[in-house]
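Novice: This is the structure alone, sequence omitted:
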């Protein structure tokens with residue numbers, strides 16, 4: 001075929017994919033909002049996710065350990081809230097019974113609860129910190145998934161979202177405890193995709209990079225100045241609302257569209273240890 005380079009003018013001729021002689025499926029509509037559970041909802045990414053899901057029509061169930069913060073979130077957004085420690089099996093069972101009372105169904109779960117503790121080197125690692133990180137990142141997500149997945153399968157499908165981290169796919173000095181926990185958590189969606197192939201369950205992993213939230217670094221470092229130093233030199237780190245927007249997008253896509261993995265970093269971050277990628281003069 002000979003092509004002459006140059007501008008192309010509009011034409012009234014109608015062309016569509018069928019003109020190639022290949023039948024393609026019709027475009028499917030966006031997923032209709034249903035009932036969604038958001039864990040770790042008392043601050044940061046979880047808090048913002050609840051707000052955005054409520055705003056676009058989802059019936060949101062929010063859970064976290066701190067009842068007073070959940071009460072404020074429920075007042076602000078209209079979500080339903082349940083206080084629980086998701087590392088305790090009895091609390092997870094109580095959450096499930098509350099969420100599914102009177103035959104109600106949970107259509108989606110956002111496993112967002114987690115966190116980091118300390119920056120110990122491997123040689124100086126404090127086992128209690130490592131155990132805590134494994135428990136709050138991995139076991140909480142596992143137990144919530146175990147509780148709600150059977151009901152999803154029994155009612156025709158659903159969505160499981162895992163908010164892991166770029167730390168679940170790399171490492172850095174002083175980060176072995178947290179990255180080990182996040183690597184382990186990332187294996188939950190990886191494995192579920194294999195175990196549930198052919199089932200109408202979307203398995204979604206959201207991998208945030210440098211996100212400045214009110215508490216993450218403060219809980220990790222236990223010092224306000226040190227926590228603020230994590231973001232030093234980065235003019236525009238991500239914020240919780242950025243990640244929440246991505247979560248909402250993945251859930252609202254047509255039911256046949258599965259965003260397997262979504263890595264999100266600020267422009268100024270290349271890796272966990274290289275946080276400034278652009279000179280100020282280049283912005």
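Specialist: Received it, and whenever you're ready, just let me know what you need. What you see is a predicted model, and the numbers here were worked out from it, not measured in a lab.
Novice: quick one: pLDDT of residue 278?
Specialist: Residue 278 is assigned a pLDDT of 54 by the prediction.
Novice: ok, now the one 3 residues further on?
Specialist: Residue 281 is assigned 46 on the pLDDT scale.
Novice: ok, now residue 96?
Specialist: 98.
Novice: shouldn't it be in contact with residue 148?
Specialist: Yes: between residue 96 and residue 148 there is a contact at 6.5 Å, judged by C-beta atoms under 8 Å. Quick note: C-beta positions are derived from backbone N, CA and C, even for glycine.
Novice: More neighbours: those two, which one.
Specialist: residue 148 (24 against 21; other C-beta atoms under 10 Å).
Novice: From residue 59, how far out is that one?
Specialist: Here residue 148 is placed at a distance of 15 Å from residue 59 (C-beta to C-beta, to the nearest Å).
Novice: repeat for residue 210
Specialist: For residue 210, the distance to residue 59 equals 32 Å [C-beta to C-beta].
Novice: neighbour-wise, which of these two wins?
Specialist: Between residue 210 and residue 59, counted using other C-beta under 10 Å, residue 210 has the larger neighbour count: 19 against 16.
Novice: Let me see the contact set for the more buried one.
Specialist: Applying C-beta atoms under 8 Å, 6 or more residues apart in numbering, we find residue 210 in contact with 230-231, 234, 237-238, 265-266, 268-269, 272, 275.
Novice: and if you look at residue 179?
Specialist: Counting by C-beta under 8 Å, 6+ apart, residue 179 has contacts 167-168, 170-172.
Novice: Kindly confirm my reading that it is in a helix.
Specialist: Yes: according to DSSP: H, G, I helix; E, B strand; the rest coil, the state of residue 179 is that of a helix.
Novice: okay but residue 94 is in contact with residue 84, surely?
Specialist: Yes: using C-beta under 8 Å, residue 94 makes contact with residue 84 at a distance of 6.5 Å.
Novice: Please spell out the ChimeraX selection for the buried subset of the contacts of residue 179.
Specialist: The buried subset of the contacts of residue 179, as determined by 16 or more other C-beta atoms under 10 Å, is captured in ChimeraX by this line:
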select :167,168,171
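Novice: Rebuild the contacts of residue 179 as CSV, extending it with secondary structure and distance to residue 31.
Specialist: As requested, these are exported to CSV (DSSP: H, G, I helix; E, B strand; the rest coil; distance: C-beta to C-beta, whole Å):
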residue, secondary structure, distance to residue 31
167, helix, 29
168, helix, 26
170, coil, 31
171, coil, 35
172, coil, 36
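Novice: ok, the contacts of residue 179 vs residue 133, which is closest?
Specialist: Distances from the contacts of residue 179 to residue 133 were compared by C-beta to C-beta; the smallest belongs to residue 167, at 10.6 Å.
Novice: tell me the phi and psi of residue 59?
Specialist: phi -90, psi 110 (degrees, to the nearest 10).
Novice: Quick one: residues in contact with stretch 61-75.
Specialist: The contact list for stretch 61-75 (C-beta under 8 Å, 6+ apart) reads 35-43, 46-47, 50-51, 79-86, 95, 99, 106, 113.
Novice: where does the stretch 151-283 of the chain have low pLDDT?
Specialist: Low-confidence segments of the stretch 151-283 of the chain, defined by pLDDT under 70, span residues 217-218, 220-222, 227, 275-283.
Novice: Could I get the full set of strands for it?
Specialist: 158-163, 201-208, 261-264 (DSSP state E, counting those that start in this stretch).
Novice: So what touches the second one?
Specialist: What that stands for is strand 201-208. Contacts of strand 201-208 (C-beta under 8 Å, 6+ apart): 45, 149, 152-153, 157-166, 168-169, 186, 189-190, 192-193, 196, 238, 243, 246-247, 250-251, 255, 258-265.
Novice: same deal with the last one?
Specialist: Applying C-beta under 8 Å, 6+ apart, the set of residues contacting strand 261-264 from outside is 166, 169, 204-209, 238, 242-243, 246, 250.
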